[in-house]
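**Q** Using only what follows, build the 3D model:
(one chain, ligands or ions: 2)
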Amino acid sequence: MEIKVMNKVLAANDAWAQENRSVLKAGNVLMVNLIGSPGAGKTALLEATLDLIKDKYKVSVIEGDIATTKDAERIQKKGVAVCQINTGTACHLDANLVNAAIKDLSVSTVFDIIFVENIGNLVCPAEFDIGEAAKIAVLSVTEGDDKIEKYPLLFSEAKALLITKMSMHHLTNFNMDEAEKAFRKLNPAAPIFKVDNLKSDGLAPWVAFLLAMKNGK
Ligand SMILES: Nc1nc2c(ncn2[C@@H]2O[C@H](COP(=O)(O)OP(=O)(O)OP(=O)(O)O)[C@@H](O)[C@H]2O)c(=O)[nH]1
Ligand SMILES: [Mg+2]
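**A** Ligands and ions are numbered 1, 2, ... in the order given. As a prediction, the model looks like this:
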């Protein structure tokens, strides 16, 4: 049986996603969509990444959160423009919400890169196109290497995988070989970056990847 309501929701979302994509393309703006579990280190990755690029590029952040402005406040301390979206109950950002945020941010400035921190969730955010150039999967070693096989959609769609909290790797049973094998089965080409956000370790290849995307390479 066809599930008409869900099809309609996704069709409406895709129309907004296309609108976002054409607005961003016209402005030569790269938008990346960070997706991972609650606590995987999405905001910490943003904080560390902003430290490395914010003086050279005009960067802004769209912060998706169910209820608070806590992450937006952390990002604001880095001195970059930030737009908060509170979804209330929804477990993902959709393209219509992101369209409003892009408009809000773009009133006064043209940005080089817009980062979107999606709601902490390994499932729903992967299902919704928001008009991004790339979905980026963020997985911390404390979550377990099995999460790649258990939640395959995100990992198959991601243009890169960031494995975070590497300074804690030795305290966990996260099997890096198994993680890489599982990821490669789903996603033969996307790079894997192993980082520690708090120590700012391993970030240079990730930043180089990001800037290559920005420059269309
Ligand atoms: N040691 C270590 N801790 C980290 C790293 N990344 C994040 N953390 C810590 O992990 C916790 C969660 O990090 P956040 O950046 O808030 O995670 P998040 O994915 O943004 O979480 P939500 O927005 O709630 O989904 C915080 O206490 C961070 O300081 C890392 O690379 N290494
Ligand atoms: Mg966060």
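
**Q** and residue 197, how many neighbours?
**A** Residue crowding around residue 197 was assessed by other C-beta atoms under 10 Å; the count is 24. C-betas here are computed from N, CA, C, even on glycine.

**Q** Which residues are in contact with the residue lying closest to it once chain neighbours are set aside?
**A** In this structure, residue 197 finds its nearest non-sequential neighbour in residue 44, 3.7 Å apart by C-beta to C-beta, 6 or more residues apart in numbering. Counting by C-beta atoms under 8 Å, 6 or more residues apart in numbering, residue 44 makes contact with 164, 197-198.

**Q** Turn those residues into TSV, columns for pLDDT.
**A** Below are the contacts of residue 44 laid out as TSV (pLDDT from 0 to 100):
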residue	pLDDT
164	98
197	98
198	98
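
**Q** Need the contact partners of stretch 51-58.
**A** 59, 78-80, 109-113, 200, 203-204, 207, 210-211, 214.

**Q** try it again with 7 Å
**A** Around stretch 51-58, the neighbours that count as contacts under C-beta atoms under 7 Å, 6 or more residues apart in numbering are 59, 78-80, 109-113, 203, 207.

**Q** Skip the chain neighbours and tell me the closest residue to the residue in the chain that ligand 1 sits nearest to.
**A** When scored by C-beta to the nearest ligand atom, the chain has residue 120 as its residue closest to ligand 1, at 2.4 Å. Nearest residue to residue 120 in three dimensions, chain neighbours excluded: residue 38, at 3.3 Å (C-beta to C-beta, 6+ apart).

**Q** Count the residues that sit near the one you found.
**A** Using other C-beta under 10 Å, residue 38 has 11 neighbouring residues.

**Q** hang on, it in a helix?
**A** No. The assignment for residue 38 by DSSP: H, G, I helix; E, B strand; the rest coil gives coil, which leaves it out of any helix.

**Q** Per-residue pLDDT of it, please?
**A** Looking at residue 38, its pLDDT stands at 97.

**Q** which phi and psi does residue 108 have?
**A** Dihedral angles of residue 108 (phi, psi; degrees, to the nearest 10) stand at phi -110, psi -20.

**Q** Reduced to three states, what does residue 43 come out as?
**A** helix.

**Q** Likewise for residue 82?
**A** On the basis of three-state DSSP, residue 82 is classed as strand.

**Q** isn't it right up against residue 73?
**A** No. Contact criterion C-beta atoms under 7 Å: residue 82 and residue 73 do not qualify, at 8.6 Å.

**Q** When those two are compared, which one has more neighbours?
**A** Neighbours per residue, other C-beta under 10 Å: of residue 82 and residue 73, the larger number sits with residue 82, 23 against 12.
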